[in-house]
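[1] sharing a model prediction with you, sequence too.
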Amino acid sequence: MSVNKDGSVTIKAPRLYPTDGELKSFVEQKLDWILKQRDIQQDREDMKLVRRFETDYSFPYLGEERLVEMQSGKKNSIAFEDGKIIIKTPYFESLEEDYEAPENAEKIEKLRNDLKKWYKKQAFAYVSKRVEYYQSIVGVTVNSVSIKSRKSQWGSCDSNGDITFSWRLVMACPEAIDYVVIHELCHRKHMDHSREFWNQVQKYMPDFKKQKQWLEENSMNLTIE
């Protein structure tokens, strides 16, 4: 059972068992837990930061909120300099004049897509190095590393050794990134979430629960929307 961001509840169960009545009973037994999770979700939603392509707003990068500096430019370009995310765009004056103007919606979406491409590039460069570092420590090999747009998973590993990470992962703090890397590398030994798997994760990251919790508590702000 899981509680979604919109407050709805998802239950995964075998197709033929349990019965509808047993599922209903299961939900009723977990009602207090469901309500508590909804409160937690609401608290996190209340803490969600506003993202805008305006100077002195911010976007997350490597675990910190990085201030944005908007500048005029011939084309959209993004760089990380002196701790800031520098965004140059031909839309600078239009956004400065009236950010909420209907004609700016398409421009903002274009900037958002270009920023996502920038994050993907940074994610591949950073995470690939961490995979290379940890695979010898964990004692496994990897077939490939790729970056994709995933909202519900930080990473995944298949039986061929192809590991995929969400581009959003590069927004997280370095320790949390390492946790996800170790997590996926340990799946090269255990393709499940058994006790043996978690023992392996803990072996290489004793405080993995702390990093896992950090991701859960901060995920709502690891976004550009």
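    Now that the structure is in, tell me what you want to look at.
[2] any idea which residue sits dead centre in this structure?
    By CA atoms, centre = their mean, the mean C-alpha position of the chain lies nearest to R168, the distance being 4.0 Å.
[3] what's the closest non-adjacent residue to that residue?
    Counting by CB to CB, 6 or more residues apart in numbering, the nearest residue to R168 once its immediate chain neighbours are dropped is L222, at 5.1 Å. For every residue, glycine as well, the C-beta is placed using N, CA and C.
[4] and that neighbour, how far from Y133?
    According to CB to CB, to the nearest Å, L222 stands 22 Å off from Y133.
[5] helices of the chain, start to end?
    All helices of the chain, identified by DSSP state H, fall at 20-29, 31-46, 92-97, 105-138, 174-186, 195-204, 208-218.
[6] and the ones you listed: which comes nearest G7?
    Checking the helices of the chain against G7 by CB to CB gives helix 31-46 as the closest, at 5.2 Å.
[7] pull the helix or strand with minimum mean pLDDT from this structure.
    Using mean pLDDT, DSSP states H and E, the weakest-scoring helix or strand in the chain turns out to be helix 31-46, at a mean of 80.
[8] care to break the protein down by domain?
    2-46, 58-118, 122-221 (automatic domain parsing).
[9] starting at the chain centroid, how far to the first one?
    This means domain 2-46. For domain 2-46, the gap between its own C-alpha mean and the chain's C-alpha mean amounts to 23 Å (CA atoms, centre = their mean, to the nearest Å).
[10] for V68, the count of nearby residues, please.
    20 (other CB atoms under 10 Å).
[11] so what's it up against?
    For V68, the contact set (CB atoms under 8 Å, 6 or more residues apart in numbering) comprises F53, E54, T55, D56, Y57, S58, F59, K84, I85, I87.
[12] and if you look at P102?
    With CB under 8 Å, 6+ apart, P102 has no contacts at all.
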